[in-house]
Structures are given as C-alpha cells and as structure tokens.
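> Got a sequence here, can you model it:
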Amino acid sequence: MVLDKRRAHLLSIMKHSSAPVPTKDLVEKIKVSQRTIYYDVEQINDWLKEQNLPLIESVHGKGFQLPDPTKGCLEHSHEQQFADYQYQLSSSERELLIKAKILLEEQESSMNDFMELTSMSRGTVAKAVQSIKEEFKSMNLQLSYQKGSGYQLEGPEEAKRRMLSDVLSTVFANSDWSNVRTEIQKMIQTVDNDLTQHEDQRTSVKNLLYEAEQEMGLTLTDEMVEMLSLQILILLKRIQAKKFVHIDSEEKEVLKQTEAFQASYIITRKLEALWGVTFPNDEICFITMNLLGSKVQHDDFNRYTEKELKGLKNVAERMITDFQTYSCVVFDDRRGLEENLISHIKPTYYRLKYGVQIANELSERIQEDYPDIYHLTKRVMLHLEYYVGQPIPDEETAYITLHFGGWLSKEKKHVETKYRAIIVCENGIGTSNMLRTQLENLIAGLDVIATLSMREYQTSDHQADVIFSTNYIKPKKIPVIHVPALLSNVEKEHVMQRMNDLFLTNHSNRNSIDHMLDAIDRHATIHERDDLKKELTHLLEHHTPSTKELRKPMLTELLTEKTIQFRDHVSHWEEAIRLTAQPLLDQDSIQPQYVEAMIENVNDLGPYVVIAPRIAIPHARPESGVERLGMSLLRVKDPIYFSEKEKHRAQLIIVLAAIDNQTHLKALAQLTEVLSNEENIDQLIAANDSQTILDLIHQNVNS
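Below is the predicted model:
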C-alpha cells in the first residue's frame, strides 16, 4: 500500500506540528470535507500499521496528533512509498529542484526531465526556467537550450559552485523540505555512475569531517556536517568531470596558514586514498573556505591565533557595549555573551569574505517576533561591517539577534530548581541559547544544565529530568519533549501541557484540591463539597496556567504630557538629570536613590549616556530604585555638556526607568527610530509644548 498525495500531505501536516491539529484546520488546508478527513486518517493508520508504527491519535477537543516515535521514524525514513508522495511542491521547491538538476546533471536537463521531476505542466515549468535563467544571468552564468542536447549552462566554475552552495543551504534551512532534499541527494548520487553506495560514501565523508573537527578544535553543528558532506561529494564529482575552481594566489597563501587548511588537506588525502581522486591545491582551499564559514556548536579559543582573537574580541566588545548603551541594559554575564558572539562572528566573517552561502529559515520569524531586539542589533552591526568590509545580510543579523535575545532574557534565578533539563539542538549556539531562555522563563524552576548537538546526545550518558529537542529523538530513560527553535504561544501551551502530563500527577492534583477545600472551609461554608471538588479537579487537569506573554508598552504610553518638560537653560548635567527625573518621582515610578544612581553612573563611567549628538539617555539598574516602568523627557534650548567634548553635548535628555532587561525595549526601539532622523531631532528641540512632541512621535511610530 502507498499513500496518494492528499493523504501524504495530511500526514506531513501532522508530522510537522508539535501540537494536535484541529480537524477544522485540516479541512481548511486540504480543502476537503470533515468526513473525508476522518476517512483519510483511517487509511493513513492502515498504512502506518503496515510500517509497524504507532497510529494517529485523536486527542479529545484538540484534534489529531501523530505520536513522537512515528514522527521520528518518518523524519529519517527514505522509503520510496512515502518520499514520492509527501505533498504538492511549492513554486520555491519546484525552482530549487530544477536549478539543482541543471547544476548537477547538465547532460540530462530537458523540459520533459523538469516536468517529470516536479510533476508540473509544461507552461508552469517554462515560467520557472525563465526565472532561473535570470537568476543565473545575475551570477554571470548563461543558460541556453540546444535542440537534441537540452539545456546547457556556461560560465565560471566558481559561480556554479556558489549556486550549488546556495541550493544546499536553502534546502537545509527549510526543515520540511525533506522530499526535495531526497531528490537532490539522488542527483548527487547519480552524477557519476562509477560511484555507488552513496550512503556509505557519505558516512565516510562525515567521519572525515569529525576528524577535521579534532584538528580545528571545534564542534560543527549537525546541520553543517550534513551539508558539508554533500558539498564534498559534489566537489568529488566536479573534479572527476574536470571542472575546477581557481583561487587567487595571495588568498591561497592566507588560507594555507589556517588550521582549517590542515584539516582540509587531511580530508583530501584520505579521499584520494579511498577513491583515487587527485585534489589540486585550489580545491583544498575551496574546502578550507567552507570549513571556515561553517556554523559551530562549540569552539576552543585557545586554537585561535593571537591576531585573530584580538580582532574578533574587539568587535564583540564594541557590539556589546553599544547594545547595552542603546538598550539601556547591563548584561549580568557579559563574558559569556562575548564568547558566544566570538564563536558566531568568526565563521560569519569567513562566510562573507568567501561568499559561502548560508540560509536562515528563522530570519523572518525572528524579525517578526523580536522586532525591538532585531532593531537594536541592526544598530550595532556596523562594527562587524567594518571588520568584514561589506554589508551584513539580514539573515546574519537575525542570527546575532538570537544571541542578544537569549542573554537579555536571562534572569538571575530566585526560585528553587525543580526540573533539570537538557536541550538537543541542531542549529548552533545562538538558537540553543534563545530556546534555553524561552524554556527557563516559561517553566518555573527549570534549569537547563546543557545544550547539546545530536551527536553529543547520542554519544554520551545524561542525567536530567527532561530533554527538549528540536529533532525527533526516541525517548530512552528520560522523557523527551519536541520543540521548534522559536516557540509560538500555541507551542508554549503544548510544552506546559506536556510538562504537566509528565510531572504533575493526579496525586499532586488531589493534594492541591484538598488544600484548596481546607482554605475555603476556613472562610466560607461549602454546601456541595463533592461537586466543588469535581469542578476544581476538572479545572486543574484541563486549564493549566501558562506564562503570559511579556507586554512591552509603546513609547506613547510612557511619554505623556505629564512626563515632558521644557527649559531654555540648565546650569549643569546633574541638574538636568534631577529635573528630567522629577515627573517620575512625582508618579512614584522611581525612588530618590535612583536619581543619585544615574548621576553616580556618569561620574564613574563617563558620558556614555550621550548615545548620539544632542541626545542623552541617563539610566541605572532596576534594583537602584525603580518601582515601575517609566520614561521622561526634558528639552533644553542651550546645550548641556556631559564632558568638555563637543560630541557630549545634549539638548534632549530622556530618563529611563526600566524594571528588567526587556519590558522597555519596544518603547526604546520606537524612540531610537524617531531619533534616527535628524529632521525629527530638529523638530523636537524646536518644540515648545508637549503636544507637538507627542504628535511627532505618533507620526513616526507604528503600532
């Protein structure tokens, strides 16, 4: 029995959902009746029985759910009967497959081949080919059609390799494109008919990469090992076809000085022994470039050269200092953040320098879910731009946003540890840290004791109460909760429900209910004790409280007529801080010692509060006397000097009273958006009444 496309699509939807999928959602996605959904589920369960896999479960009131063991098996299954019928290809998937076939199988690229590959009509494929042709043209590659021999691609080998790298990074970035990945692996396997046993070859290459890790003193992410193994197999076949890259001689000398070159040299020598393929120096350098640009799970700074570490450390320090200034926060574990940033910035530098492609499927989601942190991160990227010598793509900025976001969310624990957890994540340091802080903030008493790659998890023993994994792993002694890298509200509910299912037993519920009833007895008369107990039991079991999303007020909620003041002249910066803070004192938002703490900070640390010409944002730590979130503004006509230097003069003084590292970020990001325009600053300084300032803010701030 094989699944038709509709039922395979239905199965795919459930496979990629961490929570039960409501029937109405399936009706909407599949475009069939509810009755058909139920029938299809029965048919899929018959198919799952044949595979000896646990069946789809119907969760009362929530929908259909695929058991985790089944998800895990399907995730790693290469069964023809499932892979061929996963779901209708999207336009992006179609274009990617056609592009891969042109690059990998130039001798077998005809319109009929493309139609068979994508199961699409000639007209639809023709449109895709035209789009691909324009993309190739932008890379100095010419795609032409010759009758009798099909499509031919002409142009530099370096450009073809870059396009192949882009294809692989895109397919690996989209975790639900497993069918596309399978097709591309087939293409890589069949480029040269002499190279059989593709999976054995790939395992051999992976083992060589593991040895290379030892040589370089780092651990690559699981995703990078998978991607690099395919890149090396492609490279083998390109060399066999006499298609070589050429690298600038000066750059080759630079690459030869790196540990990554030594690792690449070892890899190629062993590949030569295995398959009799001779690697020119340029190709060894090509592998070196890709190794240098690979994302890492762990890194050893002792292996860095003194010059390399000094440069990277300087960039990380400047980024963190500016982020703290712009966000008005102080990182408790600054050194930990610095080390994580260095581990990320190093491969970023080499990726941009050598044009190594890397996609980020989380990029748009990060920008949507964390716009304030992304905005602040983008402001500090100039230090990395100067270091790299070129603009930083949004995908790379989004990854660094995860680093800052993870550290912003870290709060000093004031609760007793109840559950010790391990995170298994394939996506690297930044993603792991962001997931860690989401989970620790969501679950009271959760302590994540380790973040591991899949390989690290598989090769060592662990002691923990629960494992959170971004991949489907089979639970052994420790229960596993599968989670995405970024948690939505629905997924947070799912995590909380699973935690309660695992750790809040009916016995503890009964104890809680008995305590509640005892408390009610002391203050009221219970007439229907059994009925009340049943209702309380139901509430505890079915209405689990979850963490509320942190509400971040807008700028217009903090800056109001009552917190805006105007003066022509103020004699000293200390007086300016005291005057600006007065409305917050009047509202009991801060205590007097907070004002003294702000002044002391400037005396101790210098005029760091002047974040830009004409703008100062004095602030201190929340524990210095903040009662509630607040912001106040003072406009002065005569500039106030926070030092003797001209750049430290200010006419707009904004006092910020933050209660933590996050709640004020939306308002602050909106404020910096307003102040990023010189014309806006001129208008604010020229204003003589609060309404003018508030109107200007409303015009520039989007809700």
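
> all helices in the stretch 551-700 of the chain, in order from the N-terminus.
Secondary structure of the stretch 551-700 of the chain by DSSP state H, counting those that start in this stretch: the helices cover 555-558, 573-586, 592-605, 665-675, 678-686, 690-700.

> Now do the helix or strand containing Asp282, average pLDDT.
Using DSSP states H and E, Asp282 maps to helix 281-292. What helix 281-292 shows for mean pLDDT is 92.

> Can I get it in CSV, CA atoms only?
The C-alpha trace of helix 281-292 is given here as CSV (Å, rounded to 0.1, in the frame of the first residue of the first chain):
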residue,chain,number,x,y,z
ASN,A,281,45.6,23.0,-4.1
ASP,A,282,42.8,25.3,-5.3
GLU,A,283,40.2,22.6,-4.4
ILE,A,284,41.8,22.0,-1.0
CYS,A,285,41.5,25.8,-0.4
PHE,A,286,37.8,25.6,-1.6
ILE,A,287,37.1,23.1,1.1
THR,A,288,39.0,25.3,3.6
MET,A,289,36.7,28.3,2.8
ASN,A,290,33.6,26.2,3.5
LEU,A,291,35.1,24.8,6.8
LEU,A,292,36.0,28.3,8.0
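
> packing partners for the next helix or strand after it?
Heading C-terminal from helix 281-292, the first helix or strand you meet, by DSSP H and E, is strand 296-299. For strand 296-299, the elements it packs on are strand 218-220, helix 334-354, helix 429-442, judged by 3 or more CB pairs under 8 Å, 6 or more residues apart in numbering; DSSP states H and E. The C-beta positions use only the backbone N, C-alpha and C, and glycine is treated the same way.

> partners of strand 296-299 in the sheet?
strand 218-220 (antiparallel) (DSSP bridges).

> list the buried ones in the partner strand?
Leu218, Thr219, Leu220 (16 or more other CB atoms under 10 Å).

> How about the contacts made by the second one?
This points to Thr219. By CB atoms under 8 Å, 6 or more residues apart in numbering, the contact set of Thr219 is Glu213, Val296, Gln297, His298, Asp299, Ser453, Arg455, Glu456.

> Quick check: bridge partners of it?
His298.

> Just put the helices and strands packed on strand 296-299 in TSV and tack on mean pLDDT and distance to Lys31.
TSV is the format used below for the helices and strands packed on strand 296-299 (pLDDT from 0 to 100; distance: least, CB to CB, whole Å):
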stretch	mean pLDDT	distance to Lys31
strand 218-220	83	42
helix 334-354	88	41
helix 429-442	80	34
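
> The ones you listed: which one's closest to Val129?
Closest to Val129 of these, according to CB to CB: helix 334-354, at 29.3 Å.

> one step back: output the contacting helices and strands for the helix holding Asp282.
helix 222-240, helix 249-256, helix 259-275, helix 334-354.

> Those: which one's closest to Glu283?
helix 222-240 (6.2 Å).

> The closest one packs against which elements?
Against helix 222-240 (3+ CB pairs under 8 Å, 6+ apart) you get helix 157-173, helix 178-190, helix 198-216, helix 259-275, helix 281-292, helix 454-458.

> 6 Å instead, please
When contacts are defined as 3 or more CB pairs under 6 Å, 6 or more residues apart in numbering; DSSP states H and E, helix 222-240 packs onto helix 157-173, helix 198-216.

> Could you identify which of those has the lowest mean pLDDT?
Across these, helix 198-216 gives the lowest mean pLDDT, at a mean of 83.

> Look up the pLDDT of Glu396 for me, please.
88.

> For Pro393, see how far away the residue nearest to it when sequence neighbours are not counted is.
Nearest residue to Glu396, sequence neighbours excluded (CB to CB, 6 or more residues apart in numbering): Thr348, at 5.5 Å. Per CB to CB, to the nearest Å, Thr348 is found 10 Å from Pro393.

> Between the two, which has more neighbouring residues?
Legend: neighbour count by other CB atoms under 10 Å for Thr348 and Pro393, higher for Thr348 (23 against 15).
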